[in-house]
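Novice: Got a predicted model here, sequence first, then my questions.
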Amino acid sequence: MLAETICSAVSAAGLGIAAITAYRRRFLAATRIAAYSLVPVGLVLTGAVQWLADTAFSPAAWLGFGLLGGAWLLFMTTRAVERRSGGSRRERKAAASARRSAAESGASQPALGGARPSAASKATAADDFSDIEAILKKHGI
């Protein structure tokens, strides 16, 4: 009974503010204020306020909300761990098989440390240094 009275008073005050705002020729803002002020009365008429009042004083309802919060916390924890570990199980399996196949195909190739640079890579290195030399000469260095 008290909640319904408070909601009605809030709605009446909101409609009064909307009327003052409309008097100042700010019709868009007045319409928004009127819409917000009608929400509490709408909640009272649908019974949501009575349900909320009954729920607020029910230990079983609080236990249910606690269980829902715990389930949500567990869900978010598992998502954070999954994101940190590199994706879902399917993605980890695909990455492991890709690494395995790359290791098998790379076993027949020589290591990079022991390989000699080819003539093409020497020419590319010379081109890189000529660019650097041109820049240094441009700046007088």
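Specialist: Arrived safely.
Novice: any idea where the helices of this structure begin and end?
Specialist: 2-23, 27-46, 48-56, 59-85, 89-106, 119-138 (DSSP state H).
Novice: for the third one, which positions count as buried?
Specialist: So the one you mean is helix 48-56. Using 16 or more other CB atoms under 10 Å as the test for burial, helix 48-56 gives Val49. For every residue, glycine as well, the C-beta is placed using N, CA and C.
Novice: So which elements touch that helix?
Specialist: For helix 48-56, the packing partners by 3 or more CB pairs under 8 Å, 6 or more residues apart in numbering; DSSP states H and E come out as helix 2-23.
Novice: which residues are contacting the helix it packs on?
Specialist: 29-31, 33-34, 36-41, 43-44, 49-50, 52-53 (CB atoms under 8 Å, 6 or more residues apart in numbering).
Novice: Please repeat the previous calculation with a cut-off of 6 Å.
Specialist: Where contact means CB atoms under 6 Å, 6 or more residues apart in numbering, the residues beyond helix 2-23 that reach it are 29-30, 33-34, 37, 40-41, 44, 49, 53.
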